[in-house]
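**Q** Output the structure for:
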Amino acid sequence: MTLSDALFPTRSLLARALMVLGGSVFIALAAQVSVPMVPTPMTLQTLAILIVGFAYGARMGAVTLLAYLAEGAAGLPVFANGLNVVAFAGPTAGFLIGFVGLAWLAGLAADRGVKGVVGLSLAGIAASALLYLPGVAWPMGVAGAVGIEAGWVGLPADKIWAGFVAPFLIGDAVKAVIAALVVTGGWAALKNSKA
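**A** The predicted structure follows:
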């Protein structure tokens with residue numbers, strides 16, 4: 001049982017749609033809290049995605065991220081720094097696609113009963129680490145294979161590490177712990193309200 005299941009045990013299609021919309025808006029707002037870095041900015045996007053995944057579960061988390069990506073593809077300025085569909089041709093496109101997997105993996109941990117700060121933190125760190133696979137595959141070669149030409153396409157591994165991975169490792173670990181604290185706090189508040 002996830003936190004959202006505990007809060008809303010019976011959910012209509014409308015309630016689920018509102019949850020997806022609310023989750024995607026939450027992620028879009030978090031994406032606008034940005035520290036400019038080259039080639040990819042550091043945002044609170046992954047924090048919000050982990051919270052959504054932990055709270056919603058794998059299926060609803062992934063659907064929420066698919067809705068978020070669809071909003072950006074439709075032209076809404078939901079991605080970091082107010083970007084929209086153009087971000088799918090930029091250096092962060094691999095991470096954008098990987099966000100669906102990040103939410104699904106975080107949600108899978110919640111679906112399997114992982115609770116508490118330590119368990120959720122470890123699940124969040126592991127899911128965040130896997131986000132780097134599509135994130136770095138895009139600039140290393142996938143973007144070039146689909147015809148995108150830019151200075152960040154086809155960079156050597158050391159440049160990818162320095163620009164796309166190393167600056168974000170500590171921040172991703174901290175965000176995983178914060179997401180675990182938020183969701184664990186939600187469980188505690190729910191338990192106290194029923195006591």
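**Q** max-length helix in this structure?
**A** Longest helix of the chain, by residue count under DSSP state H: helix 169-194.
**Q** So which helix or strand of this protein has the lowest pLDDT on average?
**A** The least trusted helix or strand in the chain, going by mean pLDDT, DSSP states H and E, turns out to be strand 34-35, with a mean of 82.
**Q** Now do the next helix or strand after that one: distance to the chain's middle.
**A** Using DSSP states H and E, the helix or strand that follows strand 34-35 towards the C-terminus is strand 42-43. In this view, strand 42-43 has its centroid 11 Å away from the chain centroid, taken as Cα atoms, centre = their mean, to the nearest Å.
**Q** Quick one: list the elements packing against strand 42-43.
**A** The elements that strand 42-43 packs onto, with contact taken as 3 or more Cβ pairs under 8 Å, 6 or more residues apart in numbering; DSSP states H and E, are strand 34-35. C-beta here means a position set from N, CA and C on the backbone, and glycine is covered the same way.
**Q** now the strand it packs on, how far from the centre of its chain.
**A** Between the centre of strand 34-35 and the centre of its chain there are 15 Å (Cα atoms, centre = their mean).
**Q** who does that strand pair up with?
**A** For strand 34-35, the paired strands and their directions (DSSP bridges) read strand 42-43 (antiparallel).
**Q** Would you mark the buried spots in the helix or strand just after the partner strand?
**A** Proceeding N to C from strand 42-43, the next assigned helix or strand is helix 45-56, under DSSP H and E. Residues of helix 45-56 classed as buried by neighbour count (16 or more other Cβ atoms under 10 Å): 45, 46, 47, 48, 49, 50, 51, 52, 53, 54, 55, 56.
**Q** neighbours around residue 67, how many?
**A** Residue 67 is flanked by 18 other residues according to other Cβ atoms under 10 Å.
**Q** that's a strand at it, yeah?
**A** No - per DSSP: H, G, I helix; E, B strand; the rest coil, residue 67 lies outside any strand segment and is helix.
**Q** wouldn't it be in contact with residue 18 here?
**A** No - because the distance of 11.5 Å does not satisfy Cβ atoms under 8 Å, residue 67 is recorded as not touching residue 18.
**Q** What does the pLDDT read for the most centrally placed residue in the chain?
**A** With distances taken as Cα atoms, centre = their mean, the chain has residue 49 as the residue nearest its mean C-alpha position (3.4 Å). According to the predicted model, the pLDDT of residue 49 comes to 98.
**Q** if I look at it, how far off is residue 159?
**A** 26 Å (Cβ to Cβ, to the nearest Å).
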